[in-house]
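Colleague: After the sequence you'll find the predicted model.
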Amino acid sequence: MKRLLVSAFSLIVLPLSLAAQTAAPAPASNSPANLPGNGLAQHPFLYCGEWYHTQQQQTMWLVRDGKAVWSYSIPFHVIFNNKPDIAELGDCTQLSNGNIVFSTRLGAAEVTPDKRIVWQIFNPPGTETHSIQPIGLDHVVIAQNGNPAKILLINTTTNAIEKEIAIPVRDTAHPHGQLRRVRMTPAGTFLVAHMDLGRVAEYDADGKEIWTYATPGPWDAVRLANGNTLITGDAHGYIEEVNPAGKVVWELQRSDLPGYTIGNIQDVQRLANGNTVFSNWVPNKLTKPEDWPTSVQLFEVTKDKKVVWALREWNDPPLGPATGLQMLDQPGIPEKNEQQR
């Protein structure tokens, strides 16, 4: 059993040259003025957005009964491994005990409702973390981009690495574009979104590839209760539900959502009613931050691709660009992998 080696880490907020973003009315060019659904009251949810670069801090939010009831922030500009760097809130999950595990690009942590950090790791130089999944209340699976890229099963009580699997990547010199979401399935296998290799692959507990599906720029891959895999394509802006034989049985493309500007589709969750919720990260599509508030961050669509909820909230609270999501009204225990996300 190995101990997790961490590097020295100093969080120092650096000056930010861009002014804080203010909300703006939504023109029809990026989203309709009147949106379907009940706004913040549609679902209770956990929200993590990344690269909100007009702000000094990056914040994750808990929303219940139509309002923000809790938030937790980390500084955006930091000194990490003795160099200027940036932190991102990428992947996040609220556990059944109320704690939240989350990734920061520079590492990962667990925070309590009273904002105490109870577990934290920091990445070695040259690595990044964009994925964290709770396994019970005392373990997590993280993906560590780098050379080599790795899947790590970590005991958060002892801080020991209990499993380490090296994962192939295309570009070992540039870790940022290698992997995004990695999920352990109920069967104990690992689904990996190989963003740089253009495929989703499933590995057994020993790291042997047992299934693969080619698709451009995958960000998230979720094993559904029906045995299919739900996949999002980041910059390509799509969702595909693929059966074990590799056949697409349902899909959503940008063209299916006329009137909405769709940037990078990132996190996805299949709801118990069969609808699909996903995050729409827009900074690469809308390069001017003043245009961001005209876009929708979260969508809920039916199987026939009807939008029943579109959330555009950049002011109260300032949710920022959308990445991680968890709808909190869904059945199942998150750390037992009983929710389809």
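Modeller: Right, received. Where do you want to start?
Colleague: which stretches of the stretch 1-150 of the chain form strands?
Modeller: Along the stretch 1-150 of the chain, counting by DSSP state E, counting those that start in this stretch, strands occupy 2-3, 9-10, 45-48, 57-64, 67-75, 77-80, 83-86, 92-94, 100-103, 107-111, 117-122, 128-135, 139-145, 149-155.
Colleague: Out of those strands, flag the one nearest residue 227.
Modeller: Of all the strands of the stretch 1-150 of the chain, strand 128-135 sits nearest to residue 227, with 19.1 Å by C-beta to C-beta. The way it works is simple: take the backbone N, C-alpha and C, and place the C-beta from them, glycine included.
Colleague: Could I get the buried residue list for the closest one?
Modeller: Across strand 128-135, burial judged by 16 or more other C-beta atoms under 10 Å covers 128-135.
Colleague: now stretch 208-226
Modeller: 213, 215, 217-223.
Colleague: Tell me the one among the residues you listed nearest to residue 238.
Modeller: Nearest to residue 238 among the buried residues of stretch 208-226 is residue 215, at 8.2 Å by C-beta to C-beta.
Colleague: Would you confirm that the closest one contacts residue 200?
Modeller: Yes - using C-beta atoms under 8 Å, residue 215 is in contact with residue 200, at 6.4 Å.
Colleague: what touches both of the two?
Modeller: Contact criterion C-beta atoms under 8 Å, 6 or more residues apart in numbering; residues shared by residue 215 and residue 200: residue 231.
Colleague: Identify the residue nearest residue 141 in space, chain neighbours excluded?
Modeller: Excluding the flanking residues, the one nearest residue 141 by C-beta to C-beta, 6 or more residues apart in numbering is residue 133, at 4.6 Å.
Colleague: Any figure for the gap between the one you found and residue 187?
Modeller: Distance, residue 133 to residue 187, by C-beta to C-beta, to the nearest Å: 14 Å.
Colleague: end-to-end on stretch 311-327?
Modeller: The straight-line separation of the ends of stretch 311-327 (C-alpha to C-alpha, to the nearest Å) is 13 Å.
Colleague: Buried residues in it, which are they?
Modeller: For stretch 311-327, a neighbour-count test (16+ other C-beta under 10 Å) marks 311-314, 317-327 as buried.
Colleague: follow-up on the earlier one: tell me which of the buried residues of stretch 208-226 is nearest to residue 98?
Modeller: Ranked by distance to residue 98 (C-beta to C-beta), those are led by residue 222 at 23.4 Å.
Colleague: quick one: secondary structure of the closest residue in space to the closest one that isn't next to it in sequence?
Modeller: Counting by C-beta to C-beta, 6+ apart, residue 222 lies nearest to residue 230, which is 4.4 Å off, once chain neighbours are set aside. Using DSSP: H, G, I helix; E, B strand; the rest coil, the structure places residue 230 in strand.
Colleague: rewinding a little: show me the two of the buried residues of stretch 208-226 that sit farthest apart.
Modeller: For these, and using C-beta to C-beta, no pair is farther apart than 217 and 223, which are 19.6 Å apart.
Colleague: could the strands of the stretch 1-150 of the chain be laid out in TSV, adding mean pLDDT and distance to residue 278?
Modeller: Listed next are those as TSV, based on pLDDT from 0 to 100; distance: least, C-beta to C-beta, whole Å:
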stretch	mean pLDDT	distance to residue 278
strand 2-3	38	36
strand 9-10	38	32
strand 45-48	98	12
strand 57-64	98	17
strand 67-75	98	21
strand 77-80	96	29
strand 83-86	96	24
strand 92-94	98	15
strand 100-103	98	18
strand 107-111	98	23
strand 117-122	97	28
strand 128-135	98	17
strand 139-145	98	20
strand 149-155	98	24
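Colleague: Adding distance to residue 286, write those out as a markdown table.
Modeller: Shown next, in a markdown table, are these (distance: least, C-beta to C-beta, whole Å):
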| stretch | distance to residue 286 |
| --- | --- |
| strand 2-3 | 44 |
| strand 9-10 | 32 |
| strand 45-48 | 19 |
| strand 57-64 | 18 |
| strand 67-75 | 23 |
| strand 77-80 | 22 |
| strand 83-86 | 19 |
| strand 92-94 | 23 |
| strand 100-103 | 24 |
| strand 107-111 | 29 |
| strand 117-122 | 32 |
| strand 128-135 | 22 |
| strand 139-145 | 26 |
| strand 149-155 | 30 |
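Colleague: Select, out of the ones you listed, the one closest to residue 282.
Modeller: When the strands of the stretch 1-150 of the chain are compared by C-beta to C-beta, strand 45-48 sits nearest residue 282, at 14.5 Å.
Colleague: Return the distance of residue 287 relative to residue 237.
Modeller: Counting by C-beta to C-beta, the gap from residue 287 to residue 237 is 16 Å.
Colleague: which of the two has more neighbours?
Modeller: Legend: neighbour count by other C-beta atoms under 10 Å for residue 287 and residue 237, higher for residue 237 (21 against 9).
Colleague: Show the contacting residues for that one.
Modeller: By C-beta under 8 Å, 6+ apart, the neighbours of residue 237 are 253-254, 262-265.
Colleague: and if you look at residue 172?
Modeller: Contacts of residue 172 (C-beta under 8 Å, 6+ apart): 146-148.
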